[in-house]
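Peer 1: Sequence below, structure please.
(chains A and B)
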Protein chains: 2
Amino acid sequence: MSNATYHKLCELSKTAALQQSILSLLKWDQETYMPLEAVDFRASQISLLASQLHRLQTKKSFGRLLGSLIDLKTGNFLVSDLSPEQKACLYEWKRDYLNAIKIPVSFIKELTETTSRACFIWAEARKSQNFSHFAPWLQKVVDLNRKQAQLLGYSDHPYDALLDLFEPEMKTQEVEAIFSRLKAALIPLIKEIKTKKSPDRSFLKDEFPPEAQMKLGKHLLTAMGLHTENSRLDLSHHPFCIHLHPTDIRMTTRIDRHDLMSNIFSVIHEGGHGLYGKGLNSQFYGTPLGDTRSCGIDESQSRWWETRIGRSYPFSEYLLTLLKKEFPQFKNVNTQQFYQAINTVNPSFIRVEADEVTYGMHVILRFEIEKSLIEGSLKVNDIPDVWNQKMVDYLGIKPPNDALGCLQDIHWSFGSIGYFPTYTLGNIYAAQFFKAFEKAYPDWDKRVIQGEFSFINEWLKENIYQWGRQYTVQELTQKISGKALSEKDYIDYLTAKYHHLYM
Amino acid sequence: MSNATYHKLCELSKTAALQQSILSLLKWDQETYMPLEAVDFRASQISLLASQLHRLQTKKSFGRLLGSLIDLKTGNFLVSDLSPEQKACLYEWKRDYLNAIKIPVSFIKELTETTSRACFIWAEARKSQNFSHFAPWLQKVVDLNRKQAQLLGYSDHPYDALLDLFEPEMKTQEVEAIFSRLKAALIPLIKEIKTKKSPDRSFLKDEFPPEAQMKLGKHLLTAMGLHTENSRLDLSHHPFCIHLHPTDIRMTTRIDRHDLMSNIFSVIHEGGHGLYGKGLNSQFYGTPLGDTRSCGIDESQSRWWETRIGRSYPFSEYLLTLLKKEFPQFKNVNTQQFYQAINTVNPSFIRVEADEVTYGMHVILRFEIEKSLIEGSLKVNDIPDVWNQKMVDYLGIKPPNDALGCLQDIHWSFGSIGYFPTYTLGNIYAAQFFKAFEKAYPDWDKRVIQGEFSFINEWLKENIYQWGRQYTVQELTQKISGKALSEKDYIDYLTAKYHHLYM
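Peer 2: Numbering: from 1, shown residues only, chains lettered A, B, ... in the order given. Reported below is the predicted structural model:
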C-alpha cells in the first residue's frame, strides 16, 4: 500500500516540477527573446503560473498522502518498508511542503507582482545611476522578505528562514563564522597582491568579433559535454543557466567585443550549471532525487568548471591552443603569460567580473548588508554608504556611482534575499570536492591539456549529480571528502595558487 | 449587480486567455529554439497546461455566473441593462463554454498526448517519404476527431462540429457550395493559363545570402507597422505567427538561399496575422472583444497583405526599389517583369508555395479528403491514392512521392481537422473586404508605391481589428461590404488579374 501512496506522491511532485519548469521557461524567454513592451503582460502570465504552482505545492491531498508515510511534526517514518531513497524523498517533500503551506497565495501574488515591477524599476535606476529611484521598491522587497521570514519561522535569526530556502539547513551563524575566517585570510592576501606588479593583459582586451566569440563559446560547451540536441546558448544581459530538464538545458552569455574572457568564463561557468542539470537522473525527474541539491551545490559546479578547471594552468594550455587558431592576437603569447593574464588579481567594482581572490569579498559584503536589512539594523536609504565603506574596507576601492556599487545586481529586485551567500559557499564546496577529485585523478591536468573532460563529468556524476537531494549538503560533503564542511581547502587553494602567481 | 457579475466573467475569461497564451509560447519555443531531445518533456508540459486550461474554460463558477446573465439553452439575455458589446461577449462566452463542457478532460489529455507524438512521427514519415509509418497515427487522430464531433454534437454533418471550432457558425454544406463554384471557375482558368508562356523568373532563383534575406524581412515588417518593441521575427521549419498579446507578436519565416520570394511572402503573410494581433483592443484582452474573430478572418488578414498588397503591381514597384539596393541581380529588372515573375501561375505540389490561382485547389482537395475521413467514406490507407488523383484532376500533376503529396502538411498530425477550409475562406473574405477598401481609398496604389502603409492599417483597424468577436463573420462581412458572403469578388479578382497577366 505504501508503494501506491509513494507513487502518487511522485506524480504530484512531478506535476509541480513541470509547472515550475514552465515558469522557468517564461523567465528564460523574458531575458532572451521577449519583446520589450510585453513586460507587463509577462508579469501577468508569471503571476498566474506562480499562483497555480503554489496551489500544487500546497495541495491538501499531497499533505494527506505525505502524512501517511512520514509524521509531519516529528519526521518519524510511519511505514517500515521504505528504501533509503524513499526516505530521503519523504524527508525533502516534508521540508518543501511545510515551507509552502506557511505562505498564503496572496503573499505569492504580492511578491510576484512587486518584483516584476521592481526588476523594471531597478534596470531604470541602474541606467540613470539613481539609487533613490529604486529605494522605495527595494523597501517593499525587504518588507516582503521580513514578512516571509516571519511566516516561515526561525529559531535564531530571521535571515535563517530566507537562507534556508536557497541553502537548506544552513544557518546564518555558520555562514558568519565561515565568512569571518575567510575575511581574515583573504583581506591580507588581497592587500599583499596589490603591492605586486600586474601581468600584461593587453592581448585579452583587443578586438574580438561577436560571431567568433559565440562560435568559440559553443565549441567550449560541446567540449565540456553539452550538445545542441539537449542544450543551447543564447545572449542575455546577464549570463545565466536554467535546467528545465536533462533534455533541455539553456545557458546564456554576454559578449563584449573588447573583453574576450568575460564571454569565455561566463560560458564555462554556465556550462558547469548546465552539466549538473543534464547529469541529474531523468528517471527521478520531478522528485527530490532528480533535483539539484541546493543553490550552493549548484554554484559549486559552475565555479568548479569556471575556476578549478577553466582558470587552471592545464586548461590555459588547452584554451590557448584553441585561441591561437581563431585570433591572431595570441600568436606570440605563451601558456605562462596567458595563465597569468587570466588570473590577474585586481580589486574592482563589479562582482561578476571579479577575480577568484576578491570575489568572496563582494559576496560577503552583500551578505552582511542583507542580513542587517532583514534584522532591521540597516535602513534601505543607508545602503549606498554602507556598501561603499565596505568596498573600501575589504578591497580598498570606492565605487564612483551606485551603478558600479549597490545597484549592480538584479537579485534584490527580483526578491531574492538569502541567495548571495550561496555564491561563496559554492566555492568552498568546490574546493573541498576538488581535493577528493585530485586524489581519484592525479593525472587530471595532463588529460585537460588534451581537451579531455568526460572523466571529470563521470566523477561529478558519480559523486554529485546522481544523488539529487538524497543527501543533505553536510552529508554530501562528508561522503565525498571524508570530513565536515570547512573553508580550509578553499583558503589553502587560493593562498597556494596566488602566492605561486604573485610572490 | 449584473456589472459585478460581468466584471467577474471578464476576469475568469482573462485568466483562461493568459493560460492559453502560455501554451502558445511553449509551441512557439518548440518550433524555434527548443533543443530536439526535449520533445517528450515538452509534450508533458503542454499536456499539463492544456488540462489546466480546460479546467479554467469549464469552471462551474464561470457557467453559473454566465447563466445568470444569459440563458444557456435559449440564448435569451436575462438582464436588461446590457450594452451591445456585453451582449456579444455573453453570446461568445456561451458558445465557448457550451463547447468546452462537452469535452471531458481525459479526452483533452488523450488528444494532446497523441498529437505530440503524432507530430514527431509525421516529421519522420515525411523525411522518409513513408506514409504507412504515419498512417496508424493519422488513424488515431481521425478517430479522436470523429469522437470529438460526437461529443460536440451537430445536426447535419459531423464535420460541421469540427469546422465550427475554427470558423464559428460556418456549415459544411455552405463550404461545399462555395468550393464547388470556385472549382468551376478556377479549374478552367488554370488549364487555360497552362497553355500560355511562363514569364522569366530566373532572377528570383539566384543566390541570396540568408543574413541579407533576414534583414530584408525585418525591414518589411517595420514598414508594415510591426516594430521590435512588440514583435519579433525568427526562423522555423514552417512559417507561422502567434499573437500572444498586442505587445507580444511573434512571427517566423524560413529562408532558402535560392528562393528569395519564399521568405518575402512568408514574412508579409505572417506580418498580416501579426498586425491583426497587434491591432486588437488590449483593453479587452482575454475577452471575446479582444480576440480574433475566426481562423478565416485571421487568414483574410495574412492573405490581404500577402496577395492583395504584396503581389500587387504598386507593391512590386515599391519592393523592387528595395531589392535593387540590396541585390545586384535586380539591376536590369523592371517593375512589369518583376510583377509578372512573382505572379507566375504554375501548378505545383506544395500548398504553401502555390500561386494565387492554384492555391485554392490545394485547400479544396484537403477539405474534401478530411470531410470524407470524418464521415467515414474514406479510409486513411486510401489517402495517398485519392490525394494524387485529385491533384491530377484539379491541377494536372501527380506527386512523385507522399512527401510532396499527402505528407506535406503538419495540420493533421497536430490534430486539426476542420481547419483547412479557413485558408480559402480567408481569401474570399479578403477579396470582399478589399472591394470596400478600394472604394475608401481609390488612390491606395499610389500610396503603396511610396511605401506608405499606415492608412491600410487604419482602415483594417476601424473595420476589423477593433471589433474582436463582436460581430459574427456573416455580420462583419455584411457590415463591411454591404452584402452577404460570396466567393464572387474573389473569382472576379483572380480572373481579371490573371487574364490581364496571361491573355
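Peer 1: Contacts only, for residue A:94.
Peer 2: A:66, A:70, A:72, A:75 (CB atoms under 8 Å, 6 or more residues apart in numbering or on different chains). From N, CA and C alone the C-beta is placed, and that goes for glycine too.
Peer 1: in the stretch 51-200 of chain A, what residue is nearest chain B?
Peer 2: Among all residues of the stretch 51-200 of chain A, residue A:52 sits closest to chain B, at 6.7 Å; criterion: CB to the nearest CB.
Peer 1: Which of the helices or strands spans that residue?
Peer 2: helix A:39-57 (DSSP states H and E).
Peer 1: how about residue A:200, secondary structure?
Peer 2: What DSSP: H, G, I helix; E, B strand; the rest coil gives for residue A:200 is coil.
Peer 1: Same check on residue A:244?
Peer 2: Quick answer, by three-state DSSP: residue A:244 is strand.
Peer 1: Which positions in chain A make contact with chain B?
Peer 2: By the criterion of CB under 8 Å from any CB of the partner chain, the positions of chain A lying close to chain B are A:15, A:18-19, A:21-22, A:25-26, A:29, A:33-38, A:40-42, A:44-45, A:48-49, A:52, A:228-232, A:234, A:244-245, A:247-249.
Peer 1: Show the buried residues in these.
Peer 2: Buried subset of those (neighbour count, 16 or more other CB atoms under 10 Å in any protein chain shown): A:15, A:18-19, A:21-22, A:25-26, A:29, A:33-35, A:37-38, A:41-42, A:44-45, A:48-49, A:52, A:230-232, A:244-245, A:247-249.
Peer 1: can you give me the mean pLDDT across the helix holding residue A:52?
Peer 2: The average pLDDT for helix A:39-57 rounds to 94.
Peer 1: could you give the angle of that helix to helix B:39-57?
Peer 2: 90 degrees (axes from the mean of the first three to the mean of the last three CA atoms, to 10 degrees).
Peer 1: next helix or strand past helix A:39-57?
Peer 2: Going down the chain from helix A:39-57, the next helix or strand is helix A:60-67, by DSSP H and E.
Peer 1: Could I get the CA-only coordinates of the helix or strand following that next one as PDB?
Peer 2: Downstream of helix A:60-67, the next assigned helix or strand under DSSP H and E is helix A:84-101. Only the C-alpha atoms of helix A:84-101 are listed here, as PDB (Å, rounded to 0.1, in the frame of the first residue of the first chain):
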ATOM      1  CA  PRO A  84      16.900   4.900   1.700                       C
ATOM      2  CA  GLU A  85      15.900   6.800  -1.500                       C
ATOM      3  CA  GLN A  86      12.300   6.900  -0.500                       C
ATOM      4  CA  LYS A  87      13.200   8.100   3.000                       C
ATOM      5  CA  ALA A  88      15.200  10.900   1.500                       C
ATOM      6  CA  CYS A  89      12.400  11.900  -0.800                       C
ATOM      7  CA  LEU A  90       9.800  11.900   2.000                       C
ATOM      8  CA  TYR A  91      12.200  14.000   4.200                       C
ATOM      9  CA  GLU A  92      12.700  16.600   1.400                       C
ATOM     10  CA  TRP A  93       9.000  16.600   0.400                       C
ATOM     11  CA  LYS A  94       8.100  17.300   4.100                       C
ATOM     12  CA  ARG A  95      10.600  20.200   4.100                       C
ATOM     13  CA  ASP A  96       9.200  21.700   0.900                       C
ATOM     14  CA  TYR A  97       5.600  21.100   1.900                       C
ATOM     15  CA  LEU A  98       5.800  22.600   5.400                       C
ATOM     16  CA  ASN A  99       7.500  25.600   3.900                       C
ATOM     17  CA  ALA A 100       5.000  26.000   1.200                       C
ATOM     18  CA  ILE A 101       1.900  25.800   3.400                       C
END
